[in-house]
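> compute the structure for the input listed below.
(chains A and B)
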Number of protein chains: 2
Amino acid sequence: MEVENLSLKEFCEKVAERKPTPGGGAVGSVVGALACALAEMVANFTRKKKEYENVEPEMERIVEAMEEAREKLFSLAEKDMKAFERVMEAYKKSGEELQSALKEAASVPMDVIRVMKDLGHDLEKLAEFGNKNLASDTLNAMDLCRAVFLVEKVNVLVNLKSIKDEKFKNEMLEELEEQEKQIEGSYRRVREYLEGIVWSSK
Amino acid sequence: MEVENLSLKEFCEKVAERKPTPGGGAVGSVVGALACALAEMVANFTRKKKEYENVEPEMERIVEAMEEAREKLFSLAEKDMKAFERVMEAYKKSGEELQSALKEAASVPMDVIRVMKDLGHDLEKLAEFGNKNLASDTLNAMDLCRAVFLVEKVNVLVNLKSIKDEKFKNEMLEELEEQEKQIEGSYRRVREYLEGIVWSSK
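Just a heads-up that it's a prediction; the model follows:
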């Protein structure tokens, strides 16, 4: 299934039906792509403006990075479905095949999280240097980015639960903690930059 | 533009381009529809199962409610775009037309928030009575539901900023506070019900 070519309605219907995939992990990945699209809009509205001239190369970089990230996230949504289907298949087979399938199923949401960490860093740039008329869109992208992290974190943990390789498990838990720190840091800083603009005369 | 018929890729491209709509409010509404689809999947996997027989009518109700909510959210995404375009038009016209356009632009994200409040309540039901094998999907839907609230809250506030009608403003701020209390309550309870299941043997 080519996720990105499904209509919004079709994708929702596929999520809603009584089939295990696409589940929360794939949905999170798609929401991540939407957050990247919002960030890209902010960068596009900052480009080619006299008052933001000095950040033109940075904005250009962000536009390209967001397009790449969107593609990556759609492919991770597909990978997530395949990984979960493999886990379900593996429950009928050997323990080894199951362990390897679970590792893959924990790694895909971690990949989504890595993309969200980068998105968080770029949102900090947009919050600090980007077009202030789009402050609310930047905040919106950051809220979605953080939610996607939380969604994928659950999907990492739920797979780690049945993984026996303690080394793999501990490495994943450590990375999860580090990524959370990064994303929470971006969240805090983006809000600090922009909240005053959105709420000032409330 | 019929939002629900756009492919995921097309919708992302429309968000990303240098045009004001669709912006964060419309994206939030679409993410809300995805959260409803996840909730619907959980309800669908709870139905027609002997051990969940006693909650069959409630699950049936939730499936129908989620389908309605999805349609509503797609139409609110379109309304959000129109409302924002009207605000931009109105900036060139009289103060009165602008005030009325801003009220509409603040009301649409509030409508999305109302749908999220109901979704939160249904997610509590799913967390308490739904199929426990889908605990992670229920948690994922709740994280997205809460993020959509935060996204739409920013979009209410950003419009309220320029609204002069103090009565309207205060009513909206009061409702925002009440809805936030409801959604945070759902968030807390859903996590209480399910966290132990997902993290227990971490």
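
> immediately after the helix or strand A:Asp137 falls within, which helix or strand?
Using DSSP states H and E, the element containing A:Asp137 is helix A:135-160. Counting by DSSP H and E, the next helix or strand C-terminal to helix A:135-160 is helix A:166-199.

> between that following helix and helix A:135-160, how big is the angle?
160 degrees (axes from the mean of the first three to the mean of the last three C-alpha atoms, to 10 degrees).

> and helix A:166-199, anywhere near chain B?
Yes: on the criterion C-beta under 8 Å from any C-beta of the partner chain, helix A:166-199 is in touch with chain B at A:173, A:198-199. C-beta here means a position set from N, CA and C on the backbone, and glycine is covered the same way.

> tell me the contacts of A:Asp118?
Applying C-beta atoms under 8 Å, 6 or more residues apart in numbering or on different chains to A:Asp118 gives the contacts A:65, A:69.

> and for the one 5 residues further on?
When the contact criterion is C-beta under 8 Å, 6+ apart, the partners of A:Leu123 are A:39, A:138, A:141-142, A:145, A:186, A:190.

> how much space separates the residue nearest to A:Gly28 when sequence neighbours are not counted from A:Leu144?
Using C-beta to C-beta, 6 or more residues apart in numbering or on different chains and skipping the chain neighbours, the partner closest in space to A:Gly28 is A:Val151 (3.6 Å). Separation of A:Val151 from A:Leu144 (C-beta to C-beta, to the nearest Å): 10 Å.

> okay, and the common contacts of the two?
Residues within reach of A:Val151 and of A:Leu144 at once, by C-beta under 8 Å, 6+ apart, are A:Val31.

> what is the helix holding A:Asp137 packed up against?
helix A:24-46, helix A:95-129, helix A:166-199, helix B:24-46, helix B:135-160, helix B:166-199 (3 or more C-beta pairs under 8 Å, 6 or more residues apart in numbering or on different chains; DSSP states H and E).

> try 10 Å this time
When contacts are defined as 3 or more C-beta pairs under 10 Å, 6 or more residues apart in numbering or on different chains; DSSP states H and E, helix A:135-160 packs onto helix A:24-46, helix A:56-90, helix A:95-129, helix A:166-199, helix B:24-46, helix B:135-160, helix B:166-199.

> A:Ile163 and A:Ile197, how far apart?
From A:Ile163 to A:Ile197 the distance is 45 Å (C-beta to C-beta).

> and the residues of helix A:166-199 next to chain B, which are buried?
The neighbour count (16 or more other C-beta atoms under 10 Å in any protein chain shown) marks A:Val198 as buried among those.

> how about JSON lines for the residues of helix A:166-199 next to chain B, with pLDDT added?
Converted to JSON lines, the residues of helix A:166-199 next to chain B look like this (pLDDT from 0 to 100):
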{"residue": "A:Leu173", "pLDDT": "97"}
{"residue": "A:Val198", "pLDDT": "83"}
{"residue": "A:Trp199", "pLDDT": "73"}
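
> in a markdown table: the residues of helix A:166-199 next to chain B, plus distance to A:Glu78.
Below are the residues of helix A:166-199 next to chain B laid out as a markdown table (distance: C-beta to C-beta, whole Å):
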| residue | distance to A:Glu78 |
| --- | --- |
| A:Leu173 | 26 |
| A:Val198 | 36 |
| A:Trp199 | 39 |
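
> can you get me a residue count around the residue nearest to A:Gly28?
Neighbour count for A:Val151, taken as other C-beta atoms under 10 Å in any protein chain shown: 31.

> contact partners for it?
When contacts are counted by C-beta atoms under 10 Å, 6 or more residues apart in numbering or on different chains, A:Val151 touches A:24-25, A:27-29, A:31-32, A:109, A:112-113, A:116, B:35, B:38, B:136-137, B:139-144, B:147.

> can you rerun that using 7 Å?
Contacts for A:Val151 (C-beta atoms under 7 Å, 6 or more residues apart in numbering or on different chains) come out as A:24, A:28, B:140, B:143-144.

> and which of those residues is nearest B:Asn155?
The closest of those to B:Asn155 turns out to be B:Leu144 (C-beta to C-beta; 16.4 Å).

> residue contacts, the closest one?
Contact analysis of B:Leu144 by C-beta under 7 Å, 6+ apart lists A:31, A:147, A:151, B:31, B:34-35.

> again, but for A:Ala69
Counted by C-beta under 7 Å, 6+ apart, A:Ala69 has contacts A:36, A:115, A:118-119.

> ok, of those, which one's closest to A:Ser75?
Relative to A:Ser75, and with distances defined as C-beta to C-beta, the nearest of the contacts of A:Ala69 is A:Val115, at 10.8 Å.

> that closest one: neighbouring residues, count only.
The burial count for A:Val115: 24, using other C-beta under 10 Å.

> my read: it touches A:Ser75, true?
No: contact criterion C-beta atoms under 7 Å: A:Val115 and A:Ser75 do not qualify, at 10.8 Å.

> any idea how far A:Val115 is from the nearest residue to A:Ala65 once chain neighbours are set aside?
Nearest non-adjacent residue to A:Ala65, counting by C-beta to C-beta, 6+ apart: A:Asp122, 6.3 Å away. With the distance defined as C-beta to C-beta, A:Asp122 ends up 11 Å from A:Val115.

> once you drop chain neighbours, what's closest to A:Tyr193?
A:Ala127 (3.9 Å).

> could you list the low-pLDDT ranges of chain A?
Residue ranges of chain A with pLDDT under 70: A:200-202.

> can you report how many residues lie near A:Gly24?
A:Gly24: 30 surrounding residues under other C-beta under 10 Å.

> roughly how far does it sit from B:Arg191?
14 Å.

> now swap in A:Pro109 and tell me
Distance from A:Pro109 to B:Arg191, by C-beta to C-beta: 18 Å.

> do A:Leu176 as well
For A:Leu176 relative to B:Arg191 (C-beta to C-beta), the value is 17 Å.

> of these two, which one has the most company?
A:Leu176 (20 against 15).

> so that one touches A:Lys153, yeah?
Yes: using C-beta under 7 Å, A:Leu176 is in contact with A:Lys153, at 6.2 Å.
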